[in-house]
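Asks: Quick one, fold the following:
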Amino acid sequence: MASYHGNIAGVLLAAGESSRFGLPKQLLPWGKTNVLNTCIATARLAGLSPIVVVLGAHSEAILPEMDQEGVEVVINHHWAKGQSTSVKAGVAALPEDVLGAVFLMGDQPQISVQLIVSIMEIAWKHNTVVIPIIGGRRANPVYFPKQAFPVLLKLEGDQGGRAVLNQFPTTLLEWLDEDMAGDIDTPEDYTHLCERFGIKLEGVENVHNIKK
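Replies: Numbers count the residues shown, from 1 in each chain. You can find the predicted model right below:
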């Protein structure tokens, strides 16, 4: 069995407009902080290094509320052209000496350290693409080895990394906790996720004061 060494980066994609939600999901309350800061803290605890956070829409409102310690922030001014622009912005900011990167979504504050670490362990052993399978379906976060970066940099439009999965060896990680597959697209999704993880909804009304 092959064995690899090297840092695994984290690329946190948080540039979206939150059009279906109606206000910046990144700043929704989550525990004692907000959704984006929770995602950053989880990436940090898992040992991802460096951590690149890609912002776009609402970046001026998000930055003052964001925990930037030890994080590289990239502003994707082309976010409206689709997710590919954020993937490319994140990859372009990575140093050459990383083994690869775990791509995380900025609307999944419930993702656990254990899931990320399990993905990293497979990456260190095999250095293939690593995809969690949750409830029989592909889920996030996904690991891409450095060899895939040149191809990711050629993505266009609303394509994400899944558009190029068939070009690389892939290892599937069966994960039994189906709550890890949730994300926040609508207020109902947010309420459901808060209920599942015991997050109090007190103070959520203040989110509506955020300027779009």
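Asks: confidence score at residue 17?
Replies: For residue 17, the pLDDT comes out at 86.
Asks: OK, contacts around the nearest residue to it once chain neighbours are set aside?
Replies: Nearest non-adjacent residue to residue 17, counting by CB to CB, 6 or more residues apart in numbering: residue 57, 4.0 Å away. Just so you know, the C-beta spots here come from the backbone N, C-alpha and C atoms, and that holds for glycine as well. By CB atoms under 8 Å, 6 or more residues apart in numbering, residue 57 lies in contact with 15, 16, 17, 18, 24, 79, 80.
Asks: can you check residue 78 too?
Replies: Residues near residue 78 by CB under 8 Å, 6+ apart: 56, 85, 89.
Asks: repeat that for 10 Å
Replies: The contact partners of residue 78, by CB atoms under 10 Å, 6 or more residues apart in numbering, come to 15, 56, 84, 85, 86, 88, 89.
Asks: got those as TSV, with distance to residue 100 and secondary structure columns?
Replies: As requested, the contacts of residue 78 are exported to TSV (distance: CB to CB, whole Å; DSSP: H, G, I helix; E, B strand; the rest coil):
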residue	distance to residue 100	secondary structure
15	21	coil
56	23	strand
84	18	helix
85	20	helix
86	17	helix
88	16	helix
89	17	helix
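Asks: Filter those down to just the buried residues.
Replies: Using 16 or more other CB atoms under 10 Å as the burial test, the contacts of residue 78 include 15, 56, 84, 85, 86, 88, 89 as buried.
Asks: do you know how far the fifth one is from residue 127?
Replies: This means residue 86. With the distance defined as CB to CB, to the nearest Å, residue 86 ends up 24 Å from residue 127.
Asks: And the strands in this protein?
Replies: With strands called from DSSP state E, the chain shows them at 8-14, 29-30, 33-34, 51-55, 71-75, 100-105, 129-134, 137-138, 142-145, 170-175.
Asks: Check which residues of the fifth one are buried.
Replies: Read it as strand 71-75. Quick answer for strand 71-75 (16+ other CB under 10 Å): 71, 72, 73, 74.
Asks: hang on, the earlier thing: show me which pair in the contacts of residue 57 is furthest apart.
Replies: 24 and 80 (15.0 Å; CB to CB).
Asks: on that earlier part again, filter the contacts of residue 57 down to the buried ones and hand me the ChimeraX line.
Replies: Of these, the buried ones go into a single ChimeraX selection, burial set by 16+ other CB under 10 Å:
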select :15,16,18,24,79
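Asks: quick check, nearest of the contacts of residue 57 to residue 152?
Replies: residue 15 (15.3 Å).
Asks: and the longest helix along the chain with strand 129-134, angle?
Replies: Ordering each helix of the chain by length in residues (DSSP state H) puts helix 113-126 first. Following axes from the mean of the first three to the mean of the last three CA atoms, to 10 degrees, one obtains 140 degrees for the angle between helix 113-126 and strand 129-134.
Asks: what mean pLDDT does helix 113-126 have?
Replies: On average, helix 113-126 scores 96.
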